[in-house]
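K.L.:
Quick one, what's the 3D model for this:
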Amino acid sequence: MSTNIDLLGDRHFRTDPQGVLRPKRDGRCGRVLLTVAPFLADTPAGQHLAWMLTNQLARQFGVVTKITLHIPEAALIENTAAFGAKTSLRDTLAECVRLVAREHVEVQTGLGSADHFEVHIAVGAARNLVSAERAWCLYADGWRWYVGNGTHIPTNRPTSNLSFGPYMAASFAAGEAFKHLRGMLPNKGVFITECLGSAWTMSLGTTWNDLMDGPGNEALPALPHFYFAGAGAVAQAAALTLGSSRLRGSATVIDHDTLDLTNGNRYVLSPMDDDQSPKANIVSAYLTKQGLLGRPAPVKWSTYVGAQGGMTGSESIRRLEQRYRFPTVLSCVDKNGPRHEIQSLLPEIIIGGSTDGLVARVSTFYMAHDAACLKCFNPIEDRNAIIEKKLRLLVTMTADEREAWVVEHSLPVADIARLLAPSVCGQLSESDLQRFAEGPPEMSVGFVSVTAGVLLSAQLVRLVQRGVDDATQNGHTVITTFAQASMRHLRSGPDAQCNCAPELRSRWHRLWGAPEPSAGY
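P.N.:
Got it, this is the predicted structure:
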């Protein structure tokens, strides 16, 4: 098991693609105070929010060094903690930190008179803000959330037991703490003054009463059987949202990989003890425990599909899979090759969740609409072209620049030397060339993955409740950015270079019998 803090925090210290954050050497470590108002401490919304926030802060390895919990007495409510559950909320949050971070993040319960903090996050309005460089107040109920300075924070007791709004509030607050401690470059980002939003409309608003709330879980029908294609960070957050909200239904979870703690900064369903456990088993076991039947398939997507129903325990699902009919697929893979495999199978509906630095994106792919498919959004670049482009860059660098580049990309110096030699042929294996072409994992941080997972699960519920036309009327993609805390919808037509039109779309219509697409939306 790798518990080295440099490895645990490596992903969120990489250069972010938007160029917002300062280099790792300019960042700093800090202490966070988490307080919970008494009127929220014994509510499902307050506990969902506090647990998810604590979970995310504890994963900011090398950024957050200590979490102080100033929590009133409150018994833990069932289903609000996926792990670390104790009798009280306070003890549960403390145990969550220990299970996630062990010795890397100190946890303290109770507040000393001389304590100082870099960040104070208050669930509910904070009457007496302690000494802190920056502070935010949070509130959530159902599908809605608030993060801000407390000026317009609601004061009524929340009534919903859903986790959509609480998890969004937790993610934005964790993002603000990270931005403050990691540091932002001048004119590249702003801190939240007030951010109010609804996961039901996937939009931000200006006042709490303007936000549209969605239905409670008692008003929602059981989810039709769906598939997780990939069980990584985004899938974990989506499963956690559905399970903690006590939604009903069933899912098949497909992923051949095991959990690696070098990306544990994002896996909010897993404490450190889950290291090397099959990802599919982790997600499916949690869903089943929460009453949403999960069927694990610890194999590659292509292997599962090729079994033609031989890996499911349901006769009705087996009959569909024997005819290659997969009605609803949640695409949570992070490589374009598997994304193309998923789209080429032609599921009726694909909902894709992905991250890019400080940006979370959720898209709905439905071929009856004249919109981009999953392949349009994720073209595959030729490997040789990638290698040639990188080699052209390397030959222009000085020795010092090249050394720094090699370190940043986690590549062996000897391999680079062989690549730059007069003749490369035969000097490197296929796996070596593939590693050079792919490069290291991109920058990724927990609060972005959680946001993508929450909105992925929200869109699944919206599609079931509202229908695909209504759920995509503002655009098939919603983009959430953390540099400036924004959320917007995007409309994208098919890529002319993609084979989805007319080849894949014609096959899709024959498979699903949907009406031909109309122009526009």
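
K.L.:
Partner strands of the strand ranked longest in the chain and their direction?
P.N.:
Ranked by residue count and defined by DSSP state E, the top strand of the chain is strand 132-141. Strand pairing for strand 132-141, determined by DSSP bridges: strand 117-123 (parallel), strand 144-148 (antiparallel).

K.L.:
Settle this for me: Pro154 is touching Tyr146, isn't it.
P.N.:
Yes. Between Pro154 and Tyr146 there is a contact under C-beta atoms under 8 Å: 6.6 Å. Where you see a C-beta, it was placed from the backbone N, CA and C, and this is true even at glycine.

K.L.:
Looking at the two now, which is surrounded by more residues?
P.N.:
Ranked by neighbour count (other C-beta atoms under 10 Å), Pro154 and Tyr146 place Tyr146 first, with 26 against 17.

K.L.:
OK, contacts around the more buried one?
P.N.:
Tyr146 sits next to 137-140, 152-154, 169, 194-196, 208 when contact means C-beta atoms under 8 Å, 6 or more residues apart in numbering.

K.L.:
Can you flag the buried ones in those residues?
P.N.:
Applying 16 or more other C-beta atoms under 10 Å to the contacts of Tyr146, the neighbour count classes 137-140, 153-154, 169, 194-196, 208 as buried.

K.L.:
Looking at those, which is nearest Glu403?
P.N.:
Nearest to Glu403 among those: Cys195, at 41.6 Å, using C-beta to C-beta.

K.L.:
which stretch of helix or strand covers the closest one?
P.N.:
strand 194-198 (DSSP states H and E).

K.L.:
That strand relative to strand 144-148, how many degrees between them?
P.N.:
170 degrees (axes from the mean of the first three to the mean of the last three C-alpha atoms, to 10 degrees).

K.L.:
returning to that earlier point: please enumerate the shared neighbours of Pro154 and Tyr146.
P.N.:
Going by C-beta under 8 Å, 6+ apart, residues that sit against Pro154 and also against Tyr146 are 139, 208.

K.L.:
Which residue ranges make up each domain of this protein?
P.N.:
The record's domain split for the chain, according to automatic domain parsing, is 5-210, 218-379+444-512, 383-438.

K.L.:
show me where the stretch 151-300 of the chain has helices.
P.N.:
For the stretch 151-300 of the chain, applying DSSP state H, counting those that start in this stretch gives helices covering 164-182, 233-244, 279-289.

K.L.:
Could I get the ones you listed in JSON lines, plus columns for mean pLDDT and distance to Leu346?
P.N.:
Shown next, in JSON lines, are the helices of the stretch 151-300 of the chain (pLDDT from 0 to 100; distance: least, C-beta to C-beta, whole Å):
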{"stretch": "helix 164-182", "mean pLDDT": "98", "distance to Leu346": "30"}
{"stretch": "helix 233-244", "mean pLDDT": "98", "distance to Leu346": "21"}
{"stretch": "helix 279-289", "mean pLDDT": "97", "distance to Leu346": "23"}
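
K.L.:
hang on, the earlier thing: what comes into contact with the longest strand of the chain?
P.N.:
Residues contacting strand 132-141 (C-beta under 8 Å, 6+ apart): 33, 40, 45, 48-49, 53, 116-126, 129, 145-150, 153-154, 158-160, 165-166, 168-170, 173, 176, 180, 191-192, 213.

K.L.:
what ranges of the stretch 1-150 of the chain fall below the confidence cut-off?
P.N.:
Scanning the stretch 1-150 of the chain for pLDDT under 70 picks out 1-3, 113-114, 127-130.

K.L.:
which stretches of it form helices?
P.N.:
Under DSSP H, counting those that start in this stretch, the stretch 1-150 of the chain gives helices at 5-8, 10-13, 38-41, 44-58, 89-101.

K.L.:
ok, and what's touching the second one?
P.N.:
The set of residues external to helix 10-13 that reach it, using C-beta under 8 Å, 6+ apart, is 24, 27, 60-63, 178, 182, 262-263, 265-266, 441, 443-446.

K.L.:
Of these, select the buried ones using a PyMOL command.
P.N.:
In PyMOL, a selection of the buried entries from those looks like this (16+ other C-beta under 10 Å):
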select buried, resi 24+27+60+61+62+63+178+182+262+263+265+266+443+444+445+446
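
K.L.:
give the contact list for the nearest residue to Thr451 once chain neighbours are set aside.
P.N.:
Excluding its sequence neighbours, the residue lying closest to Thr451 (C-beta to C-beta, 6 or more residues apart in numbering) is Ala360, at 4.2 Å. Counting by C-beta under 8 Å, 6+ apart, Ala360 touches 353-354, 448-449, 451-452, 455, 479-480, 482.

K.L.:
can you check Val107 too?
P.N.:
Val107 touches 58, 66-69, 93-94, 97-98, counting by C-beta under 8 Å, 6+ apart.

K.L.:
Tell me the one among those residues nearest to Val305.
P.N.:
Proximity of the contacts of Val107 to Val305 (C-beta to C-beta) peaks at Ala58, which lies at 37.2 Å.

K.L.:
residues in contact with that closest one?
P.N.:
64, 67, 96-97, 100-101, 105, 107.

K.L.:
Secondary structure class of the residue nearest the centre of the chain, three-state.
P.N.:
With distances taken as C-alpha atoms, centre = their mean, the residue of the chain nearest its centroid is Ser449 (1.9 Å). Under DSSP: H, G, I helix; E, B strand; the rest coil, the three-state class of Ser449 is helix.

K.L.:
Might one say that it is in contact with Leu240?
P.N.:
No. Ser449 is not in contact with Leu240 according to C-beta under 8 Å; the separation is 11.1 Å.

K.L.:
For these two, list the residues in contact with both.
P.N.:
Val268.

K.L.:
Asn4: neighbouring residues, count only.
P.N.:
12.

K.L.:
nope, Lys179 is what I meant
P.N.:
24.

K.L.:
Can you tell me how far it is from Arg319?
P.N.:
50 Å (C-beta to C-beta, to the nearest Å).

K.L.:
ok, now Leu511?
P.N.:
From Leu511 to Arg319 the distance is 15 Å (C-beta to C-beta).

K.L.:
Neighbour count: those two, which is higher?
P.N.:
Leu511 (16 against 12).

K.L.:
So that one sits against Arg325, correct?
P.N.:
Yes. Contact between Leu511 and Arg325 holds when scored by C-beta under 8 Å: they sit 6.9 Å apart.

K.L.:
So Thr87 versus Thr109, what's the distance?
P.N.:
For Thr87, the distance to Thr109 - C-beta to C-beta - is 14 Å.

K.L.:
Then Leu211?
P.N.:
Taken as C-beta to C-beta, the span from Leu211 to Thr109 is 33 Å.

K.L.:
same check, this time on Pro298
P.N.:
Using C-beta to C-beta, Pro298 is found at 38 Å from Thr109.

K.L.:
who's in contact with Ala169?
P.N.:
So Ala169 contacts 49, 53, 138-140, 145-147 (C-beta under 8 Å, 6+ apart).

K.L.:
leaving aside the residues next to it on the chain, what's closest to it?
P.N.:
Closest to Ala169 by C-beta to C-beta, 6+ apart is Trp145, at 3.8 Å.

K.L.:
Between the two ends of stretch 4-18, what distance do you get?
P.N.:
Stretch 4-18 has its terminal residues 27 Å apart, counting by C-alpha to C-alpha, to the nearest Å.

K.L.:
Name the residues of it that are buried.
P.N.:
Applying 16+ other C-beta under 10 Å to stretch 4-18 flags 8-14, 16, 18 as buried.

K.L.:
Name the nearest of those residues relative to Ala404.
P.N.:
Arg14 (13.4 Å).

K.L.:
that older thread, would you mind telling me which of the helices of the stretch 1-150 of the chain is nearest Ala417?
P.N.:
That would be, of those and by C-beta to C-beta, helix 10-13, which comes in at 24.3 Å.
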